[in-house]
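Enquirer: can't give you the sequence, but here's the structure:
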């Protein structure tokens, strides 16, 4: 755990240290220049031999987790808090040759409405299929609220942008204090202010499910 625990990792060079004396002892007690939140995503489950991920906040505390036990690419996945309480249920819906992923708040109950829906975008000219995904929210089903755009260099990096291209969140490979880029199972999530982190985590989980990384 020591190599990925947030207390032992440094943020990318563009991020700045916070001088708050209550948190100054922790190298990752940091904030982005816009005042957003920073998380560390470790693509490992807390369950021995399981698939999923564990998410730490900037104080090194577990805030989210996904445990798929021994299976990968499940059609139903739960985003939980550190105590194992279900925050989101993510379901894969199959429609003939296509599929979409829907997120429900808490444990899905019969007749419940989805909160977000993710679809691959197939109409982007001169780009590989699946490099961009569109996200709809229930209150505005017809107009995509966000897009998930794959990073240029590697599958583990991506950005979430709003409908006019404004950055909402970004995932990058984690760096050590000495600037060494860690393995592709350890990432930094930088979230802009005033965004529900559980929604963004749900989208990140969905993104990795689509790419069979979880």
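Expert: Cool, the structure landed. Source: prediction; values computed, not measured.

Enquirer: only C-alpha atoms from now on, for both contacts and neighbour counts.
Expert: Noted.

Enquirer: what is the burial count for residue 159?
Expert: 20 (other CA atoms under 10 Å).

Enquirer: can you list the low-confidence ranges for this structure?
Expert: Applying pLDDT under 70 to the chain flags residues 1-35, 70-73, 96-97, 121-131, 153-155.

Enquirer: now the helices for it?
Expert: 197-210 (DSSP state H).

Enquirer: packing partners for the longest strand along it?
Expert: Criterion DSSP state E: the longest strand present in the chain is strand 86-95. Counting contacts by 3 or more CA pairs under 8 Å, 6 or more residues apart in numbering; DSSP states H and E, strand 86-95 packs against strand 76-80, strand 98-105, helix 197-210.

Enquirer: so which of those is the most packed in?
Expert: Neighbour counts (mean count of other CA atoms under 10 Å) averaged over each of the helices and strands packed on strand 86-95 peak at strand 76-80, with a mean of 22.

Enquirer: for it, packing partners?
Expert: So strand 76-80, by 3+ CA pairs under 8 Å, 6+ apart, packs with strand 62-67, strand 86-95.

Enquirer: would you mind listing the outside residues contacting the first one?
Expert: In other words, strand 62-67. By CA atoms under 8 Å, 6 or more residues apart in numbering, the surrounding residues in contact with strand 62-67 are 45-47, 50-57, 77-82, 84.

Enquirer: got a quick ChimeraX command for the buried subset of these?
Expert: In ChimeraX, this line selects whichever of the contacts of strand 62-67 come out buried by 16 or more other CA atoms under 10 Å:
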select :45,46,50,51,52,53,54,55,56,57,77,78,79,80,81,82
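
Enquirer: which of the contacts of strand 62-67 fall within strands?
Expert: 52-56, 77-80.

Enquirer: ok, the nearest residue to residue 103 once chain neighbours are set aside - contacts?
Expert: Nearest non-adjacent residue to residue 103, counting by CA to CA, 6 or more residues apart in numbering: residue 90, 4.4 Å away. Contacts for residue 90 (CA under 8 Å, 6+ apart) come out as 75-79, 101-104, 202, 206.

Enquirer: fine by me, we can end here.
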